[in-house]
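Asks: coordinates only, no sequence provided:
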């Protein structure tokens, strides 16, 4: 379990850098990125993040990734 979580964290950290170029990242965990976007941009932001988080890094080509998410006016799990 720890190895898988570490690998997930490494992948998400790389993805977070790409996301941060477009939207401010306010927190993350080993498998989650939370950003701040205007309400009018929420759907565009989510689609962008799902695309980025579903794409494996070059060094991990072939790793099956998927992503899901949502938006809210405040952070909730």
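Replies: Noted; the coordinates are in hand. Note that this is a predicted model, so its numbers are computed, not measured.
Asks: contacts, neighbours, all on C-alpha from now
Replies: Noted.
Asks: element containing the residue nearest the centre of the chain, please.
Replies: With distances taken as C-alpha atoms, centre = their mean, residue 33 lies nearest the centre of the chain, 4.2 Å away. Using DSSP states H and E, residue 33 sits within strand 32-35.
Asks: mind giving me the packing neighbours of the helix or strand that that strand is followed by?
Replies: Later in the chain than strand 32-35, the nearest helix or strand by DSSP H and E is helix 42-53. Judged by 3 or more C-alpha pairs under 8 Å, 6 or more residues apart in numbering; DSSP states H and E, the packing partners of helix 42-53 are helix 2-20.
Asks: what strands line up against the following helix or strand past the helix it packs on, and which way round?
Replies: Next along the chain after helix 2-20, taking DSSP H and E as the criterion, comes strand 25-29. Here strand 25-29 has these sheet partners by DSSP bridges: strand 32-35 (antiparallel).
Asks: what sits up against the strand it pairs with?
Replies: With contacts defined as C-alpha atoms under 8 Å, 6 or more residues apart in numbering, strand 32-35 is touched by 12, 16, 23-28.
Asks: cutoff 6 Å now
Replies: Residues from elsewhere that reach strand 32-35, judged by C-alpha atoms under 6 Å, 6 or more residues apart in numbering: 24-28.
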